[in-house]
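S.K.: Sequence and computational prediction follow.
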Amino acid sequence: MNKQIVVLPGDGIGKEIMKSAVRVLQAIAENFNHQFTFSEQLIGGAAIDQDQSPLPQATIQACKKADAVLLGAVGGEKWDSLPGDQRPEKGLLGIRKELGLFANLRPIKAFSPLLHASPLKEELVNGSDILIIRELTGGLYFGEPKKRIPEENAVVDTLYYTQEEIERIIDKAFQTAKTRRKHVTSVDKANVLESSRMWREIVEEKSKAYPDVTVNHLLVDAAAMKLITNPKQFDVIVTENMFGDILSDEASVLTGSLGMLPSASVRTDGVGLYEPVHGSAPDIAGKGIANPLGMILSASSMLRQSFGMEQEADEIENAIQTTLEQGYHTPDLMIKNGTVVGTEEMTDLVIGNLATNEASKCICNSYA
Ligand SMILES: NC(=O)c1ccc[n+]([C@@H]2O[C@H](COP(=O)([O-])OP(=O)(O)OC[C@H]3O[C@@H](n4cnc5c(N)ncnc54)[C@H](O)[C@@H]3O)[C@@H](O)[C@H]2O)c1
Ligand SMILES: CC(C)[C@H](C(=O)O)[C@@H](O)C(=O)O
Ligand SMILES: [Mg+2]
């Protein structure tokens, strides 16, 4: 298969982990006889430095033409004092909006060798398998007005949703739950926010069309607590943009590290942007120690969801499982008795553990 992939490394560790994902995809292309063409474009701080804009027009055009987009991470101290609409993060928000990627799927499931790497008790983590579906192009992030009001010595951000925006994300949650354990938890703040009360009504109304899916509602503060005290009660969690942002970083502790979490940002036609959940990690950028697995898992999610390449995606995920079983991990994972490796070595190990590479190794050995 021939696929055009736009690659947006961004800033900080974004650049380092993107190299890893591209190398793994190149190995997969070779092993399965696919042709992946990578077009690297600017976003975030890197784009501000070279093009005076966090989201250049050339990047938008390339993403619109691509079969899928891979994104590393944006942001960093260098650009932190810029006005809100010129910051690196504005590039990320802008590309999500430009591509209409309203659903952000954030799966949280620990690899078995990492069950003891979580600060939570192993028996809590073992068996938990959660998918957070975060609304991505509305809510508090995008509502207007959003500004300083100097004459009132005040400031405003707005949580705005149309009924249609809520309906499509709730539909996505129910449809996805049907392919899993058939339970949806809708998370809101309906005891305070009018937007949450409307969200709850729509969930109730929509649930009638999905009689085989059970649903419950949780207030976001209680949901934050239950995520780490009883994570096994969750299957699909659907929630507003900012609640989803916060809950997914929290839920990452189940997997041992924020660096493990992939995500897929999609719309109804299957077009997608794939990015890890974490940021540009300025505290470790340039040190060669970033965990590339969240980025590599995002690439495997791209193969599965945008290209229908199930076997190829399975192969990457199995190679990660094998590498972790062999005891290798980057320093962010607190594992006793393991072998600490850097970003590049971790990537080499995953590529070496791809089943098709194993198969070719076996053929070589049999000739030796
Ligand atoms: N999708 C994105 O591009 C994205 C997401 C979150 C934050 N950001 C931006 O990133 C910058 C830094 O934000 P932050 O420090 O709050 O969040 P962060 O996610 O970058 O880092 C939080 C902590 O997790 C660690 N970490 C994150 N990813 C890791 C990985 N792959 N391997 C090992 N350790 C990892 C970091 O070292 C840090 O200690 C900010 O400018 C922020 O706006 C971008
Ligand atoms: C960098 C920031 C704009 C972004 C978000 O809040 O969506 C990030 O935290 C994420 O989780 O992807
Ligand atoms: Mg976030």
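M.R.: Looks like it arrived, so ask away. Numbers count the residues shown, from 1 in each chain. Ligands and ions are numbered 1, 2, ... in the order given.
S.K.: okay but Val74 is in contact with Pro88, surely?
M.R.: Yes - at 4.1 Å, Val74 counts as touching Pro88 under the criterion of C-beta atoms under 8 Å. In this view, the C-beta of every residue, glycine as well, is placed from N, C-alpha and C.
S.K.: Overlap in contacts, the two.
M.R.: Residues within reach of Val74 and of Pro88 at once, by C-beta atoms under 8 Å, 6 or more residues apart in numbering, are Gly10, Asp11, Ile43, Gly44, Gly45, Pro54.
S.K.: which one among the residues you listed gets closest to ligand 2?
M.R.: Gly44 (9.0 Å; C-beta to the nearest ligand atom).
S.K.: you'd agree the closest one is up against Leu93?
M.R.: No - taking contacts as C-beta under 8 Å, Gly44 lies outside contact range of Leu93: 10.8 Å.
S.K.: So for those two, which residue has more residues nearby?
M.R.: Gly44 (31 against 19; other C-beta atoms under 10 Å).
S.K.: Would you enumerate the residues in contact with the more buried one?
M.R.: Neighbours of Gly44 in contact, by C-beta under 8 Å, 6+ apart: 8, 10-11, 14, 54, 73-75, 88-89, 91-92, 280.
S.K.: from those, which ones fall inside strands?
M.R.: Using DSSP state E, the members of the contacts of Gly44 that fall in strands are Leu8, Gly10, Ala73.
S.K.: pLDDT at the first one, what is it?
M.R.: Taken from the predicted model, the pLDDT recorded for Leu8 is 98.
S.K.: pretty sure Glu40 is touching Val7, no?
M.R.: Yes - counting by C-beta under 8 Å, Val7 is a contact partner of Glu40 at 4.8 Å.
S.K.: Which one's more surrounded, the two?
M.R.: Val7 (21 against 14).
S.K.: which bits of the protein sit near ligand 1?
M.R.: Residues of the chain lying close to ligand 1 by C-beta under 6 Å from any ligand atom are 13, 73-76, 89, 92, 258-259, 275, 278-284, 290-291, 294, 332.
S.K.: one more time with 5 Å, if that's ok
M.R.: 73-75, 89, 258-259, 278-281, 283-284, 290-291, 332 (C-beta under 5 Å from any ligand atom).
S.K.: Just the buried ones out of those residues, please.
M.R.: Neighbour counting with 16 or more other C-beta atoms under 10 Å marks 73-75, 89, 258-259, 278-281, 284, 290-291, 332 as buried within these.
S.K.: give me the subset of those touching ligand 2.
M.R.: Glu89.
S.K.: Any chance of the buried ones among the residues of the chain next to ligand 1 in TSV with distance to Asn241 and pLDDT as columns?
M.R.: Formatted as TSV, those follow (distance: C-beta to C-beta, whole Å; pLDDT from 0 to 100):
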residue	distance to Asn241	pLDDT
Ala73	18	98
Val74	17	98
Gly75	17	98
Glu89	13	98
Leu258	19	98
Gly259	23	98
His278	17	98
Gly279	16	98
Ser280	20	98
Ala281	22	98
Ile284	27	98
Ala290	26	98
Asn291	25	98
Asp332	26	97
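S.K.: So which of the shared contacts of Val74 and Pro88 is the closest to ligand 1?
M.R.: Among these, and counting by C-beta to the nearest ligand atom, the member closest to ligand 1 is Gly10, at 6.1 Å.
S.K.: Show the backbone phi and psi for the residue positioned nearest the centre of the chain.
M.R.: Nearest to the centroid of the C-alpha atoms of the chain, with distances taken as C-alpha atoms, centre = their mean, sits Ser263, at 2.0 Å. Main-chain dihedrals, Ser263, degrees, to the nearest 10: phi -150, psi 160.
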